[in-house]
Each structure stands twice: as structure tokens, then as C-alpha cells.
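> please find the sequence and the predicted model below.
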Amino acid sequence: MHHLVHKALIRVAAPTRLRLLRQIRSCEGWGEERIRFYQQERLRELVRYCWEHVPFYRSRWRGHIGGPADIGTIEDMEQLPILSKDELREELGALTTTAPWIKSEPARTGGSTGRPTVFRMTRFDQEAMWAQMYTGWQWAGYRVGDPFLAVGGESIGVGSGDRRGWKDKIMHRWSTSASNLTLERAKTLAQSPHFQHIRLMLGYPNAIRELGELLHQSGARLPCLKGIVCTAEVMRTEVRERISALFGGVAVFDQYGLNDGGLLAVEGPEHDGLHLFFHRGILEILDDDNRQISELKRPGRAVATCFTNLATPFVRYETGDNVHWHSRNPVPSGIGWPRIGPVDGRTGDLIFLPSGRSIAMPGLTLVMRWMDGLRQYQFIQTGPNAVTVRLDRGGSFRMSEEETRAFLKQRIAQEIDWNVAWVPPELTGNGKVLLIRNDWLRSQGLTRPQSAAFDPARP
């Protein structure tokens, strides 16, 4: 009954969101040809708009195309240069529209690559984003107005605490920050009145897993939970399996989202690839020569173009992720959209402290964004309470080593013995950044520390 009350509140507060949700659900049976026709119409409109109202593109595209009429198909996009993350930061003013009728507000990239950026976003694009996410959540058992729990950080709307604003109350959203996961906080959550009614859980896979471990230790369970949607990090197979086991066998769904680039892909009921939403933009998968890949199972770089954010348009935006086309065939549930395979992108471990506190990636992105002039960062746990932070400084970075260490102690943890290294992050074999790397546990062949509450027989 409560979900009907909140559905009515959402209908009043966000009617565009629910209208777009109905439109998206009505298009679930669209196949690749119909989707392509829709995307190319929107692409032509976007290129004309950018040529007229976005100084960066008008300047940058000259010499590549003679004018907007040169871009009529998805294949024609190969003529346009790619927008890098560095260009987004350095040219943000020129990437913002000059059209006076476009109203917008600040938004922030997720920061899960270690380099968050503020840009402008229209209200329509925000509502389209929510409508897409509601669609994917409905595949996982969610009903609009149901209470849901968000576990993580800023890229899913969670801050450093668990306070709720008026939007949270209307949406029936509850939050658990991943910046400070402890057994005591898990017990407090389990004793909350809303805990017994949570129908969907959304968040970072490592943070959800850790919360599940803590709830398991306290003997708590979520009796109404229908599904878990993981996002913002790569979800490894063993993490997915452990999450499902901790929450009583509930189905776990993978979600890949890029709010700045307008991309979203979510697993459906079949768990056979991630259905790629086409309503806000285009995904290109490129090879090393920047040529579009159409073959299945061949990995390449994910490049995003967003139609719906006319405040800061993203055209051929380098996401930093590697993906591949998984299938173009419809699935038994009736969804006909092309699917991509698991994303090779953002991932990391957790920091575990002797006090019982654990820190997931979201807790660090919330803190590190306040370090002006910082290019990238990485946290490497080397002992029970020892962490090395690798910092790649830009020219405007002003903090000394002593000031940096004091900042980390104050904002993250006093109990950590911080070692500051003024060097870029160490990359994985495929060139990615593990924002948290727990060398201390890895050296012991563990994913969590041994303790009295830790059962070594568990997987």
C-alpha cells in the first residue's frame, strides 16, 4: 500500500519521469533497425544544434566536416574527433551551450575513475535518466514507489552520511553510505522500521557485498527484497555469487551507466548480456584505429554520444571503458534491444581496518574531489592499518605532504598510518586503475580479513 502513496507523490513531483518510463517500456520490442532509424534522426538534430550553439564543437569540427549535413548516419560519426576527459575539463566553458533558452543545473561525473568533473545537465535529461533506470529496476522486481536502498556513493546519489532529503522521501529512497561500513551501522540499519519493507537494493557491488557480510553477522535479513542491481564498478563473478548467497538467493543484476555520456545498459530477467538503452544516445565501440566495431564478442573502447543533454552535449565522448557487442537477438521476455557484454571498466577492493570499519570506493571519491589540482589517485593497503596513497598532481595542486596526510587522517581515518607517494596510480595489465588495491589481503589470498566473526569455510 505504501508504494501506491509514493507512486502518487512521484506522479505529482516528476510527471515527465513516469511519462518517459511508459514510453520506454512501450519500446521494449523494438529491434535494431527501428532503433537505428530513431538514433540517426536524433543524431542529425544534435549535430546541427552543436554546430550552431556549442563553440567547442563548431571550432573543433571544422576541418573534419564541411557542415552538419555531412553527418547523417552512425557510420558518418567516424569523421568527428573524439572528446577526451581532459578536453571536457579544460574546455568545459566552450562545451556549454550558448542557447539562451536551455535551462540547466550542475551535475557531476561519478568520479569512479578518480577524476570527477562538474558539467551542466538539463532537467529533461535527468528525468530521462531516471526513467531508464526505473525500467531496468522493474526487470529486477521493482515497482514505482517501492522503498529501495542505495548503497554506495555520489554516482548513485549517496553522500558521506545517510541523511534523506525531500526528494529521497518522495522517491521512497533510503541510503547507506559506503564511506564507513561497520557492524554497528549494519545493526542500526536492520533495526530501522523501513528495513523490513525494502524491495530493491542498488549500489556498488563491493559495498553491497560488505554490507551483506555485516548483516549476515548480525543475523538480519530483508524479507521483501526482490532484486539487487549493481552499478559503478565491474562486478566480478565471485562477488555476484556471494551477494546472492548473503541475501537469500535473490537475483543480482548488473547495470552499466554513464550519466555524462547518456549511456545505460542493464541485465534483463535472462541475465544474458546487458540491454543497451537507446533513448538518450548512441554507443560506439571502437578499435585501436578508431573504427567502429560491429562484430559480436570483439572488445573495443566505449564512446558515448548523448542526445538529451543540450546544456553540455557529449558527442563521441571517451568513456575509459572497454565493452563488446554480445547479441542483437531478442530475448524470451520480449526485449529486442542490442546487448553488450560485461564491462571492463572501474573496479577496486576495500580497505579494512582493525576497528572493524571498512571503506569502499564511494567513500574515497567523496573526499578526494576536494583536493584541488589533483589529477588521479590510488589507495593501496599494505598492512592492517597502513595505506599508501599515490597522487598524480596537476600544476594547481598546493598541499604539502604534511597537509595531505593531515587531510587524509581528518577526512578518511585517524587510525590509518598514511604514506603519501607523489606518483601516478599503478595500472592493471589492461591499463585500468584500481582505485583501492588491497595488497595486504591479496598477499594472504584473502578478500576479507580473518577475524572471530569471519568463517573461513565461507566462499
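Done, it's in.
> alpha carbons only for contacts and neighbour counts from here, please
Noted.
> what's the spacing between the strand or helix carrying A245 and its chain's center?
If you go by DSSP states H and E, A245 is part of helix 237-246. Relative to the chain's own centre, helix 237-246 is displaced by 19 Å; criterion: C-alpha atoms, centre = their mean, to the nearest Å.
> next, the residue of the chain most remote from its centre: phi, psi?
Computed with C-alpha atoms, centre = their mean, the residue of the chain farthest from its C-alpha average is G66, at 36.0 Å. Backbone geometry at G66, expressed as degrees, to the nearest 10, gives phi -80, psi -20.
> ok, it to W51 distance?
G66 sits 11 Å away from W51, going by C-alpha to C-alpha, to the nearest Å.
> quick revisit: hmm, who's touching the helix holding A245?
For helix 237-246, contacts defined as C-alpha atoms under 8 Å, 6 or more residues apart in numbering pick out P205, N206, I208, R209, G212, E213, H216, V250, A251, V252, P459.
> which parts of it count as buried, going by neighbours?
By 16 or more other C-alpha atoms under 10 Å, the buried positions in helix 237-246 come out as V239, R240, R242, I243, S244, L246.
> and what of stretch 12-22?
In stretch 12-22, counting by 16+ other C-alpha under 10 Å, buried: A14, T16, R17, L18, L20, L21.
> in which helix or strand would I find the fifth one?
When elements are assigned from DSSP H and E, L20 belongs to helix 15-26.
> immediately after that helix, which helix or strand?
Next along the chain after helix 15-26, taking DSSP H and E as the criterion, comes helix 32-53.
> dump that next one to PDB, restricted to CA.
Once non-C-alpha atoms are left out, helix 32-53 reads as follows in PDB (Å, rounded to 0.1, in the frame of the first residue of the first chain):
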ATOM      1  CA  GLU A  32      18.000  -3.000 -34.200                       C
ATOM      2  CA  GLU A  33      16.700  -1.500 -37.500                       C
ATOM      3  CA  ARG A  34      14.000   0.600 -35.800                       C
ATOM      4  CA  ILE A  35      16.300   1.700 -33.100                       C
ATOM      5  CA  ARG A  36      18.900   2.800 -35.700                       C
ATOM      6  CA  PHE A  37      16.400   4.900 -37.600                       C
ATOM      7  CA  TYR A  38      15.400   6.700 -34.300                       C
ATOM      8  CA  GLN A  39      19.000   7.300 -33.300                       C
ATOM      9  CA  GLN A  40      20.100   8.700 -36.700                       C
ATOM     10  CA  GLU A  41      17.200  11.200 -36.700                       C
ATOM     11  CA  ARG A  42      18.200  12.400 -33.200                       C
ATOM     12  CA  LEU A  43      21.900  12.400 -34.200                       C
ATOM     13  CA  ARG A  44      21.300  14.800 -37.200                       C
ATOM     14  CA  GLU A  45      19.300  17.100 -34.900                       C
ATOM     15  CA  LEU A  46      22.100  17.100 -32.300                       C
ATOM     16  CA  VAL A  47      24.900  17.800 -34.800                       C
ATOM     17  CA  ARG A  48      23.000  20.800 -36.200                       C
ATOM     18  CA  TYR A  49      22.400  22.100 -32.700                       C
ATOM     19  CA  CYS A  50      26.100  21.700 -31.600                       C
ATOM     20  CA  TRP A  51      27.300  23.400 -34.800                       C
ATOM     21  CA  GLU A  52      25.100  26.400 -34.000                       C
ATOM     22  CA  HIS A  53      25.200  26.700 -30.200                       C
END
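> contacts for it next, please.
Contacts for helix 32-53 (C-alpha under 8 Å, 6+ apart): 57-58, 67-69, 71-74, 97-99, 278-279, 281-282, 307, 313, 328, 336-338.
> check the offset of it from the chain's centre.
Here helix 32-53 is found 25 Å from its chain centre; the criterion is C-alpha atoms, centre = their mean.
> how about low-confidence regions in the stretch 351-459 of the chain?
For the stretch 351-459 of the chain, the stretches with pLDDT under 70 are 362-363, 365-366, 369, 428-432, 451-459.
> can you give me the neighbour number for S294?
As a burial measure, S294 scores 12 neighbours (other C-alpha atoms under 10 Å).
> what of H216?
Neighbourhood size, H216 [other C-alpha under 10 Å]: 15.
> just L222 next, same as before
As a burial measure, L222 scores 16 neighbours (other C-alpha under 10 Å).
> from D289, how far off is it?
Using C-alpha to C-alpha, one obtains 49 Å as the distance from L222 to D289.
> wait, L215 touches T188, no?
No. Applying C-alpha atoms under 8 Å as the test, L215 and T188 come out as separate, 10.0 Å apart.
> part of a strand, is P269?
No. Secondary structure of P269 (DSSP: H, G, I helix; E, B strand; the rest coil): coil, not part of a strand.
> which residue, other than its chain neighbours, is closest to it?
Nearest residue to P269 in three dimensions, chain neighbours excluded: W139, at 6.1 Å (C-alpha to C-alpha, 6 or more residues apart in numbering).
> and what of V331?
Computed as C-alpha to C-alpha, 6+ apart, the closest residue to V331 that is not its neighbour in sequence is E270, at 7.5 Å.
> for that neighbour, phi and psi?
Backbone torsions of E270, given as degrees, to the nearest 10, read phi -80, psi -20.
> quick one, what contacts it?
V331, P332, S333.
> among those, which ones are in helices?
The helices, defined by DSSP state H, take in nothing from the contacts of E270.
> what is the nearest of those to E233?
V331 (25.4 Å; C-alpha to C-alpha).
> in stretch 269-287, what's buried?
269, 273-286.
> which non-adjacent residue is nearest the most centrally placed residue in the chain?
The centroid of the chain falls nearest to A232 when counting by C-alpha atoms, centre = their mean (3.2 Å). Take A232 and drop its neighbours on the chain: the residue closest to it by C-alpha to C-alpha, 6+ apart is Y204, 5.9 Å away.
> is it true that that neighbour touches V151?
Yes. Counting by C-alpha under 8 Å, Y204 touches V151, with 6.5 Å between them.
> lowest-scoring secondary structure element of this structure by mean pLDDT?
Lowest by mean pLDDT, DSSP states H and E among the helices and strands of the chain is helix 361-368, with a mean of 70.
> what's the next secondary structure element after that one?
Downstream of helix 361-368, the next assigned helix or strand under DSSP H and E is strand 374-383.
> any of the contacts of E270 buried? List them.
Among the contacts of E270, those classed as buried by 16+ other C-alpha under 10 Å are V331.
> how close does I65 sit to H53?
Per C-alpha to C-alpha, I65 is found 17 Å from H53.
> compare those two (neighbour count), which wins?
H53 (20 against 14).
> tell me if T319 really is in a strand.
Yes. Using three-state DSSP, the assignment for T319 is a strand.
> pull the contacting residues for it.
The contact partners of T319, by C-alpha under 8 Å, 6+ apart, come to K85, L258, G261, R301, A302, V303, A304.
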